[in-house]
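# quick one: sequence plus predicted model below, questions after.
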Amino acid sequence: MLRSALSRHSTAAAAALMMSSGFLQENRAKCDNGDEKKSTPSVLSLLHEINSKVTSISGAIGALPPVDPKINLGEQKKKNTKVYGVDIVLGAQWGDEGKGKLVDMLSQEYDVCARVAGGSNAGHTIVVGDVKYKFHLIPSGILNEKAVCIIGNGVVIHLPSFIIEMNGLKEKGIDIEGRIKISDRAHIVFDFHQDIDGLHEKRLGRNKIGTTKKGIGPAYASKISRNGLRVGDLSNFKYFESRFRTLAEHATGAYPELKIDVEAELNYYRSIAEQIRNLTTDTIQYTNDVHASGKKILVEGANATMLDIDFGTYPYVTSSNPSVGCVMTGLGVAPNKLRGIYGTVKAYCTRVGEGPFPTELHDNVGDHLGSVGAEFGTTTGRARRCGWLDIPQMKYSCLINGYTSLNLTKLDVLTGLPQIELGVAYIHPTLGELHSMPSCLQTMEEVTVQYETLEGWNEDISQVSKFEDLPVNAQRYVLRVQELLGVPIRWIGVGPNRLDTIDRGDGWDLAPN
């Protein structure tokens, strides 16, 4: 706008710019003159003088509205120095990266913590002192006694499991009164959805997906088929009952071997309806109101990018979108409200269930990673497959999510390995080096991984709190990963407890401050 205004009023603009030029030269001369040093104006006084000149310029060219000379520019800058928005912690690999630990650490500074996708198939473990907390539906930010926790509209919720989890927290002394809000638009996972999950896996036989059998896929299928039930439907039980009977009939029609005790199910939901109604709200309005009031919101991602229904190793994926897009669709906030996007990645790689895993190890190193890293699923207890860190996979994850910084977990698990490998490229026998993640699983199965070898370390790093105090080879490993991915690594996990994390500070975060 200013450029076009200057072209329309070139004479006045030239004169005005000469005025401002003279002003700058005058003040530069003052700074260069040794006798004038004591009377050099402050930056704020210079800004006020520039403000006055700009007002004269705008009046001369008739292009800009007048500036109120009473505005305190210093106060304005101070007022705008801190940017609040919605921050997100996401899984950058195939899940189980340690997202919950970072959420627990960060949530102490947030007013609201939210889950926005998936269901009880997700699992986060937090260790506080000698107490271990396992979370499946409730955001682990509940451990911050000041935070309100939201289960967003994108989550599918198995209410019996939710109630058990809630009661378990109460038994451990966590005050949850008034601190959990369930979206009225969140879909319900019924017991028969879990039964269908198992039946479907059985039908697939050797081609099974390897699901958690928590009913997540069938519940999302009901949602997409538009015959599912939502938490808000419990506010009108007559309506709920009618839709439940229809849904049960549809399910038994598709799976004749499925047995549903409709009356027993209805009696159960009738018994918990009031309890759930008291926790139910319009979380879309609530979240946006909280954001508008200047409060801080943290989203706790579930599952991970490589399990995304669209971006993952389909069909060996989950049934939701656990990448950055889930925040908009599963919480109901606009993209311009997002701020920090934090990808959580292990210093190596793991995967649960079936599907391709290019850097998987079937040797003593794989056994070391599994045993030292305690790689067993929080939700299923299944042993996780282990392998080296996969850089092509991580570049793909960074591309999709636009991470502002990374949280590198379990660096301590690599301690004691004489050499550490990084998978840096996928090489296909006929296509050569692949420069993007293949959508065809057959292509992915055929690749061989090109590795880069780094020297390991033997020093115990579990008590290290500063990056500079890590063994030199550990530092080199972190810096090499950072260099290959082109994203700063801010947090580094050096042990299992909530405080066993190195924070390199805001300077290693691309999010606006």
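Structure's in. What do you need?

# got the end-to-end distance for stretch 184-197?
Its first and final residues considered, stretch 184-197 spans 24 Å by Cα to Cα, to the nearest Å.

# in contact with Val189, which residues?
Listed by Cβ atoms under 8 Å, 6 or more residues apart in numbering, the contact partners of Val189 are Gly119, Ser120, Val156, Ile157, His158, Leu159, Lys214, Gly215, Ile216, Pro218, Ala219. All C-beta atoms are positioned from the backbone trio N, CA, C, and that covers glycine.

# who's the fourth one bridged to?
Spelled out, that is Ile157. Note on Ile157: beta-bridge partners by DSSP bridges are Ile188.

# residues contacting it?
Counted by Cβ under 8 Å, 6+ apart, Ile157 has contacts Gly119, Ser120, Leu137, Ile151, Ile182, Ala186, His187, Ile188, Val189, Val231.

# confidence score at the third one?
Per-residue confidence for Leu137 comes out at a pLDDT of 94.

# that one is in contact with Val155, isn't it?
Yes - the criterion here is Cβ atoms under 8 Å, and Leu137 meets it with Val155 at 7.3 Å.

# so what's Ala347 closest to, chain neighbours aside?
Leu411 (4.5 Å; Cβ to Cβ, 6 or more residues apart in numbering).

# could you count how many residues lie near that neighbour?
Per other Cβ atoms under 10 Å, the neighbour tally for Leu411 reads 25.

# distance check, it against Leu454.
13 Å (Cβ to Cβ, to the nearest Å).

# go on, His124?
30 Å.

# what about those two, which has more around it?
Neighbour totals were compared for His124 and Leu454, and His124 leads with 24 against 18 (other Cβ under 10 Å).

# bridging residues for the more buried one?
Phe135.

# and the pLDDT for it?
Predicted confidence (pLDDT) for His124: 72.

# what do you get for the one 4 residues further on?
If you check Val128, the pLDDT there is 78.

# count of neighbours near the residue lying closest to Val478 once chain neighbours are set aside?
What sits nearest to Val478 in space, not counting adjacent residues and going by Cβ to Cβ, 6+ apart, is Ile489, at 5.8 Å. By other Cβ under 10 Å, 21 other residues sit near Ile489.

# over to Gln194?
Gln194: 20 neighbours (other Cβ under 10 Å).

# for the stretch 151-300 of the chain, what spans make up the helices?
159-171, 191-204, 216-224, 237-254, 262-277, 283-292 (DSSP state H, counting those that start in this stretch).

# most packed of those?
Of all those, helix 216-224 carries the top mean neighbour count, a mean of 22, counting by mean count of other Cβ atoms under 10 Å.

# show me how far that one is from its chain's centre.
23 Å (Cα atoms, centre = their mean, to the nearest Å).

# what's it packed up against?
strand 156-157, strand 187-188, helix 191-204 (3 or more Cβ pairs under 8 Å, 6 or more residues apart in numbering; DSSP states H and E).

# okay, the ones you listed in TSV with distance to Asn513 and mean pLDDT next?
Converted to TSV, these look like this (distance: least, Cβ to Cβ, whole Å; pLDDT from 0 to 100):
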stretch	distance to Asn513	mean pLDDT
strand 156-157	35	97
strand 187-188	37	98
helix 191-204	43	86
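
# looking at these, which is nearest to Leu169?
The closest of the helices and strands packed on helix 216-224 to Leu169 is strand 156-157. By Cβ to Cβ, the value is 15.7 Å.

# start to end distance for stretch 244-262?
Note: stretch 244-262 ends 8 Å apart using Cα to Cα.

# outside of that stretch, which residues touch it?
For stretch 244-262, contacts defined as Cβ under 8 Å, 6+ apart pick out 190, 192, 195-196, 199, 222, 225, 227-229, 265-266, 269.

# kindly recompute the last result at 6 Å.
Phe192, Asp195, Ile196, Leu199, Asn227 (Cβ atoms under 6 Å, 6 or more residues apart in numbering).

# can you verify my assumption that Ala122 contacts Gly301?
No - checked against Cβ atoms under 6 Å, the pair Ala122 and Gly301 is beyond contact range at 8.7 Å.

# so where's the stretch 151-300 of the chain uncertain?
For the stretch 151-300 of the chain, applying pLDDT under 70 flags the ranges 206-207, 210.

# and for Pro429, the neighbour number?
Neighbours around Pro429, by other Cβ under 10 Å: 8.
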